[in-house]
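Engineer: one predicted model, sequence on top.
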Amino acid sequence: MPLIAQPDHPPAGAVLARLHQIHSAKGYLPEADIRAAADDLAIPLSRLYSAAAFYSAFSFQPKGRYTIQVCLGTACYIRGGDRLLEKIETLLGVKAGETTPDGMFTVETVHCLGSCSMSPVIRVGEETYGRLKVNLVGRLFKKYRPGEPGQKGVEEQGT
Ligand code: FES
């Protein structure tokens, strides 16, 4: 162990930038790409894996076309976030953390989406839906199926 700390080479920012580049291009972090990046950056593979594992924004598995984030933070949970998750899991036939067989949706739970005043809240891709009622979830997902008309955007369903 050196007595004087050695600077990171390459710096952590370069490692994260490379991971972000791969994730943006592929939608997840394929093993072959991580190995190639480790070779390019001349760093141990473990350094890339530990950085990727630390940040929840990175995924090692392919995700669906749309990621559904169901908020189970306190405000959303007490207003039925858990019931929304149950309904979504039932409708799509997958559990949180899984992707539908058609590759359309990946379901995730999160602890706050920063829209507590609109709880319960879910995000589908880049769209946020607040004050969502369980009985409207099915209709909402039809908007994301190919060939089915619909209008995406923030929906407030009243209290
Ligand atoms: S707790 Fe759900 S948006 Fe904050």
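Structural biologist: Perfect, thanks for sending it. On a predicted model such as this, the values are computed, not experimentally measured, just so you know.

Engineer: my guess is residue 129 contacts residue 119, does it?
Structural biologist: No: the pair residue 129 / residue 119 is not scored as a contact, 11.1 Å apart, by Cβ atoms under 8 Å. Any C-beta I mention is one placed from the backbone N, CA and C, and that applies to glycine too.

Engineer: which residues are in contact with each of the two?
Structural biologist: The contact sets of residue 129 and residue 119 do not overlap (Cβ atoms under 8 Å, 6 or more residues apart in numbering).

Engineer: give me the residue at the spatial middle of this protein.
Structural biologist: residue 67 (5.6 Å; Cα atoms, centre = their mean).

Engineer: which of the residues in the top helix by length along the chain are buried?
Structural biologist: For the chain, the helix that runs over the most residues, judged by DSSP state H, is helix 12-26. By neighbour count with 16 or more other Cβ atoms under 10 Å, helix 12-26 contains the buried residues 15, 16, 18, 19, 22, 23.

Engineer: for those, which one is nearest the ligand?
Structural biologist: Taking Cβ to the nearest ligand atom as the measure, the ligand sits nearest to residue 23 out of the buried residues of helix 12-26, at 24.1 Å.

Engineer: measure the closest one to residue 70 for me?
Structural biologist: Distance of residue 23 to residue 70, computed by Cβ to Cβ, to the nearest Å: 22 Å.
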